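Asks: no FASTA, just this:
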């Protein structure tokens, strides 16, 4: 492993952690360090990819060398702010765990680390394997890296009509390119298009999900042993593990951004921490830049946050008014709506027209039984879906009130 490749991991991690601690004004609650390390890894990698797309389109093989100074500068400013504006701990005293819970905590941590090691070994074992990964998601970054510069991708029709040899096409030619620049960041740091060295970052994202979730749950008041148990349950979800082992899809990045956005928003709701709200929106706004479907998840997040700040009566009034207005506009022939990452979409009776995806037919599809069967009975079942109702009923015990 070269020093440059190691720095490609550590530099974004340090920068993102500094940003998280600066916005949080230091380590103020139990779990803040774990939350900052986990969320900081993802935030730093996203920032590195965004900067690489800005400063290195003409020299993709030099993306790491051209981006690293900018990232280091942002990191130093973030750490300076974290130190200068830190505040005292809100909950300094933490009750020690009992011996049984401490042993369970250590065993679960060991199991998580073992799982991450196995998944990383799978990612390092072979080149890009999943169909959509090598046929779609990795096409742009691989071509740009091997060409040495950015080249535009257009639709198949435009490609056939354009005699310019520099123009290219792909199955998802119009998808966001942030993930592509993240791959270029690691490839340029490794010194070659080494797919296993790029794909193992997916395991890092999975570890960041677990670390950040554990830290945020602790800051929300969940006890250490239970928080570690929840983290183990989260990281053992079959679909998450599959996306880490068979790396190359954008879904795990989207899931991480959405999950961390929700956890940051929950901390703002519970403790009124504006820095956590800022972090939540950073992750939420990154979703359309990861994948087109991220725009839909951004709408979901924005809608829930809006409803969350309203009184119950106003929530129902807003929902009813929105549905009534939409029904009237659809009855009159439909309406257009600007959506970040998707452009202007047209909503009409029975259909949804999205420029990048085409026309989607809207009608009832009887998939409920298949969904429940997949979650509860098929070989990929997971205890989470059985525990969710129990967790909802016991949420007041899982999230105890703040101690003075």
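Replies: Received the coordinates, thanks. As the structure is a computational prediction, the values presented were derived from the model and not from experiment. Numbering: from 1, shown residues only.
Asks: and residue 310, which of the three is it?
Replies: With DSSP: H, G, I helix; E, B strand; the rest coil as the basis, residue 310 sits in coil.
Asks: how close does it get to residue 317?
Replies: 9 Å (Cβ to Cβ, to the nearest Å). The C-beta positions use only the backbone N, C-alpha and C, and glycine is treated the same way.
Asks: and what of residue 194?
Replies: The gap separating residue 194 from residue 317 is 56 Å, by Cβ to Cβ.
Asks: Comparing the two, which residue is more hemmed in?
Replies: Each of residue 194 and residue 317 has its neighbours counted (other Cβ atoms under 10 Å); residue 194 has more, 15 against 12.
Asks: was I right about the more buried one contacting residue 200?
Replies: No. Assessed by Cβ atoms under 8 Å, residue 194 is found out of contact with residue 200, at 9.9 Å.
Asks: For stretch 276-284, buried residues please.
Replies: Across stretch 276-284, burial judged by 16 or more other Cβ atoms under 10 Å covers 276-277, 279-284.
Asks: Turn these into TSV, including pLDDT, distance to residue 118 and secondary structure.
Replies: Putting those into TSV (pLDDT from 0 to 100; distance: Cβ to Cβ, whole Å; DSSP: H, G, I helix; E, B strand; the rest coil) gives the following:
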residue	pLDDT	distance to residue 118	secondary structure
276	95	33	helix
277	95	36	helix
279	96	30	helix
280	96	32	helix
281	96	35	helix
282	96	31	helix
283	97	27	helix
284	96	32	helix
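Asks: Go through these and say which is closest to residue 302.
Replies: Residue 302 has its nearest neighbour among those in residue 284, at 7.3 Å by Cβ to Cβ.
Asks: Now do the strands in the stretch 301-404 of the chain.
Replies: Taking DSSP state E, counting those that start in this stretch as the test, the strands found in the stretch 301-404 of the chain are 335-339, 343-348, 351-354, 358-361.
Asks: Report all helices and strands that the first one contacts.
Replies: Just to be clear, that refers to strand 335-339. For strand 335-339, the packing partners by 3 or more Cβ pairs under 8 Å, 6 or more residues apart in numbering; DSSP states H and E come out as strand 343-348.
Asks: Distance from the chain centre to the strand it packs on, please.
Replies: Centre-to-centre, strand 343-348 and its host chain are 26 Å apart (Cα atoms, centre = their mean, to the nearest Å).
Asks: Sheet partners, orientation included, of that strand?
Replies: strand 335-339 (antiparallel), strand 351-354 (antiparallel) (DSSP bridges).
Asks: and these, which is most packed in?
Replies: strand 351-354 (a mean of 16; mean count of other Cβ atoms under 10 Å).
Asks: now the buried residues of stretch 276-284 as JSON lines including distance to residue 163?
Replies: Output for the buried residues of stretch 276-284, formatted as JSON lines (distance: Cβ to Cβ, whole Å):
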{"residue": "276", "distance to residue 163": "53"}
{"residue": "277", "distance to residue 163": "51"}
{"residue": "279", "distance to residue 163": "48"}
{"residue": "280", "distance to residue 163": "47"}
{"residue": "281", "distance to residue 163": "44"}
{"residue": "282", "distance to residue 163": "42"}
{"residue": "283", "distance to residue 163": "42"}
{"residue": "284", "distance to residue 163": "42"}
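Asks: ok, the residues you listed vs residue 324, which is closest?
Replies: residue 284 (27.2 Å).
Asks: Can you name the residues that contact that closest one?
Replies: Applying Cβ atoms under 8 Å, 6 or more residues apart in numbering to residue 284 gives the contacts 257-258, 261, 298, 301-302.
Asks: Among those residues, find the one with the greatest number of neighbours, please.
Replies: residue 257 (29 neighbours).
Asks: Not counting its neighbours along the chain, what's nearest it?
Replies: What sits nearest to residue 257 in space, not counting adjacent residues and going by Cβ to Cβ, 6 or more residues apart in numbering, is residue 283, at 4.5 Å.
Asks: quick one: pLDDT of residue 403?
Replies: As predicted, residue 403 sits at a pLDDT of 44.
Asks: ditto for residue 307
Replies: 84.
Asks: For residue 296, see how far away it is.
Replies: Distance, residue 307 to residue 296, by Cβ to Cβ: 17 Å.
Asks: So for the most centrally placed residue in the chain, what pLDDT did the model give?
Replies: Against the mean C-alpha coordinate of the chain, by Cα atoms, centre = their mean, the closest residue is residue 257 at 2.3 Å. Looking at residue 257, its pLDDT is 97.
Asks: That one sits in which helix or strand?
Replies: helix 251-271 (DSSP states H and E).
Asks: packing partners for that helix?
Replies: Using 3+ Cβ pairs under 8 Å, 6+ apart: helix 251-271 touches helix 32-55, helix 201-219, helix 238-245, helix 274-290, helix 294-308.
Asks: try 6 Å
Replies: helix 201-219, helix 274-290, helix 294-308 (3 or more Cβ pairs under 6 Å, 6 or more residues apart in numbering; DSSP states H and E).
Asks: what angle do the last one and helix 274-290 make?
Replies: Think helix 294-308. On the basis of axes from the mean of the first three to the mean of the last three Cα atoms, to 10 degrees, helix 294-308 is oriented at 150 degrees to helix 274-290.
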